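Trainee: Predicted model and sequence below, questions to follow.
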Amino acid sequence: MDVTRQQQLQNEIAATFAESLAGHDWAEATLFLVEVGSTSRVWVDALDAAGGVKHGLAVPDVAGAGSRLREVMADPEKGAWFSFALSLTSDGSFTARFTLDRRVYDNPASPFEPGPTGDVPTDADYVADLERFPRSDRYRPTWLPAARSL
């Protein structure tokens with residue numbers, strides 16, 4: 001794992017995200033990126049200084065950098081992450097969180113159920129992802145479908 005490249009890509013994503021928020025009144029914003037098989041999605045949630053939800057914010061073009069980050073972070077033993085959340089504060093600091101072992105859902109009310117649009121990876125997406133980024137049985141969650149036999 002190239003830690004320097006990983007940090008560069010995270011910084012690039014954070015900077016692009018911050019630029020997309022310029023001109024908006026916001027205090028904290030989170031960028032979510034999902035990439036599993038053929039499912040790829042990016043969305044943004046933000047709060048203003050009073051804690052109110054901000055609507056209508058542009059989604060920055062970070063999918064390519066996110067894919068490169070995923071490639072750099074992939075581990076032959078553990079595979080690749082399924083989702084990435086980057087929380088940014090208006091002072092420019094950010095925190096990144098990666099999900100490697102849980103199904104990805106898009107429901108802000110529950111991390112365990114699909115949201116109203118149902119834009120979540122299918123079992124076929126997870127199988128394709130496992131074939132692209134294999135992981136040892138030790139790091140394969142029981143819910144994760146097995147890769148197809150070749």
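Mentor: Sure thing, it's come through.
Trainee: what's the helix or strand for the residue nearest to the spatial centre of the chain?
Mentor: Nearest to the geometric centre of the chain sits residue 84, at 2.4 Å (CA atoms, centre = their mean). Take DSSP states H and E as the rule and residue 84 turns out to sit in strand 83-89.
Trainee: Residue 9 contacts residue 67, doesn't it?
Mentor: No. Counting by CB atoms under 8 Å, residue 9 sits too far from residue 67 to count as a contact (9.7 Å). For glycine as for every other residue, the C-beta is placed from the backbone atoms N, C-alpha and C.
Trainee: So the two - more neighbours on which side?
Mentor: The neighbour comparison of residue 9 against residue 67 (other CB atoms under 10 Å) goes to residue 9, with 21 against 14.
Trainee: Now that one: which helix or strand?
Mentor: helix 3-20.
Trainee: For that helix, which helices and strands make contact with it?
Mentor: Judged by 3 or more CB pairs under 8 Å, 6 or more residues apart in numbering; DSSP states H and E, helix 3-20 is in contact with strand 28-36, helix 63-73, strand 83-89, strand 94-99.
Trainee: go with 7 Å
Mentor: Applying 3 or more CB pairs under 7 Å, 6 or more residues apart in numbering; DSSP states H and E, one finds that helix 3-20 contacts helix 63-73, strand 83-89.
Trainee: and residue 49, which of these is closest to it?
Mentor: strand 83-89 (10.9 Å; CB to CB).
Trainee: Between helix 3-20 and that closest one, find me the angle.
Mentor: Angle, strand 83-89 to helix 3-20, by axes from the mean of the first three to the mean of the last three CA atoms, to 10 degrees: 60 degrees.
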